[in-house]
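1. coordinates only, no sequence provided:
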């Protein structure tokens with residue numbers, strides 16, 4: 001199976017953190033999200049993975065080169081930001097046109113069975129399958145009898161696109177060469193030409209699943225809350241906790257973090273190399289060596 005991870009965005013909603021680290025490399029449970037996604041794809045049988053990059057591309061490349069991978073991975077560094085659709089068109093030569101292509105946004109945290117989504121796409125047919133669910137504030141898809149009929153729809157039955165889709169690679173030919181554009185524009189073009197863009201409810205893949213978009217500080221923290229359902233405190237072994245640490249709720253602490261005395265922690269993520277002064281109260285925040293959000 002083959003997949004593409006879209007990892008070129010600027011991450012403007014997470015500045016100033018994304019001025020130093022691209023969003024796909026944000027640590028999730030102390031592991032870069034991109035590495036986490038690659039490992040997930042590998043475990044589920046994806047042997048070919050293409051990743052696009054633009055913002056701080058050298059950091060993306062460095063992370064992939066350090067990843068102990070079984071898959072055949074190609075990194076495409078874009079000279080200018082092509083958008084999600086343009087990125088797919090640019091990557092088309094690296095895909096087989098004889099098998100479906102799974103596409104996943106580089107800022108999605110999920111435990112869904114991605115291989116099963118590909119299998120369901122094969123079973124139902126169509127040029128594209130969008131994984132959807134009900135999730136505010138992203139509900140903007142109109143769906144009728146399992147088919148996406150339009151975007152930018154605000155009715156009470158609107159659904160949200162998860163950023164996970166499966167494409168027949170031939171649909172990518174609808175994107176003009178050398179043109180920047182979005183994946184949504186590709187789907188709209190397909191619908192206007194009468195091609196079938198199917199909608200697959202995430203609940204049909206599994207009844208319980210984790211899905212979060214880390215594109216905002218709130219989304220990043222929500223992803224950790226979901227992943228820490230059972231283990232409420234994760235601390236890297238290279239970090240020592242002071243005896244007077246007050247831990248009120250879940251927290252994640254990275255490598256070589258220095259914690260002062262009488263620190264209070266709740267619903268927060270502390271990145272590698274951060275310093276927490278004595279008597280600091282961290283609730284609902286992301287603490288990094290550069291800033292606290």
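-> Right, received. Where do you want to start? What you see is a predicted model, and the numbers here were worked out from it, not measured in a lab. Numbering: from 1, shown residues only.

2. tell me where the stretch 51-200 of the chain has helices.
-> Using DSSP state H, counting those that start in this stretch, the helices of the stretch 51-200 of the chain run over 57-66, 83-91, 114-124, 183-192.

3. take the ones you listed and lay them out in a markdown table including mean pLDDT.
-> Output for the helices of the stretch 51-200 of the chain, formatted as a markdown table (pLDDT from 0 to 100):
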| stretch | mean pLDDT |
| --- | --- |
| helix 57-66 | 92 |
| helix 83-91 | 92 |
| helix 114-124 | 94 |
| helix 183-192 | 91 |
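
4. out of those helices, which gets nearest to residue 4?
-> helix 83-91 (6.0 Å; C-beta to C-beta). Just so you know, the C-beta spots here come from the backbone N, C-alpha and C atoms, and that holds for glycine as well.

5. so that closest one versus helix 183-192, what angle?
-> 80 degrees (axes from the mean of the first three to the mean of the last three C-alpha atoms, to 10 degrees).

6. could you dump the helices of the stretch 51-200 of the chain to TSV with mean neighbour count and distance to residue 263?
-> TSV is the format used below for the helices of the stretch 51-200 of the chain (neighbours: other C-beta atoms under 10 Å; distance: least, C-beta to C-beta, whole Å):
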stretch	mean neighbour count	distance to residue 263
helix 57-66	16	29
helix 83-91	23	40
helix 114-124	17	38
helix 183-192	19	43
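
7. of all these, which one is nearest residue 23?
-> With C-beta to C-beta, the closest approach to residue 23 among these belongs to helix 57-66: 10.3 Å.

8. quick one: distance of the closest one to the chain centre.
-> 17 Å (C-alpha atoms, centre = their mean, to the nearest Å).

9. stretch 154-167 too?
-> How far stretch 154-167 lies from its chain's middle: 15 Å, per C-alpha atoms, centre = their mean.

10. that stretch: end-to-end distance?
-> 25 Å (C-alpha to C-alpha, to the nearest Å).

11. so what touches that stretch?
-> Residues outside stretch 154-167 that contact it (C-beta atoms under 8 Å, 6 or more residues apart in numbering) are 88, 100-105, 107-108, 110, 112, 114, 117-118, 121, 127-136, 138-143, 183-184, 199, 201-202, 211, 213.

12. report the buried residues of it.
-> 158-167 (16 or more other C-beta atoms under 10 Å).

13. nearest to residue 69, of these?
-> Using C-beta to C-beta, those come closest to residue 69 at residue 164, 20.7 Å.

14. what separation is there between the closest one and residue 135?
-> Distance of residue 164 to residue 135, computed by C-beta to C-beta, to the nearest Å: 13 Å.

15. follow-up on the earlier one: buried ones only from the contacts of stretch 154-167, please, as a PyMOL command.
-> Remark: buried members of the contacts of stretch 154-167, expressed as a PyMOL selection using 16+ other C-beta under 10 Å:
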select buried, resi 88+100+101+102+103+104+105+107+108+110+112+114+117+118+121+127+128+129+130+131+132+133+138+139+140+141+142+143+183+184+199+202+211+213
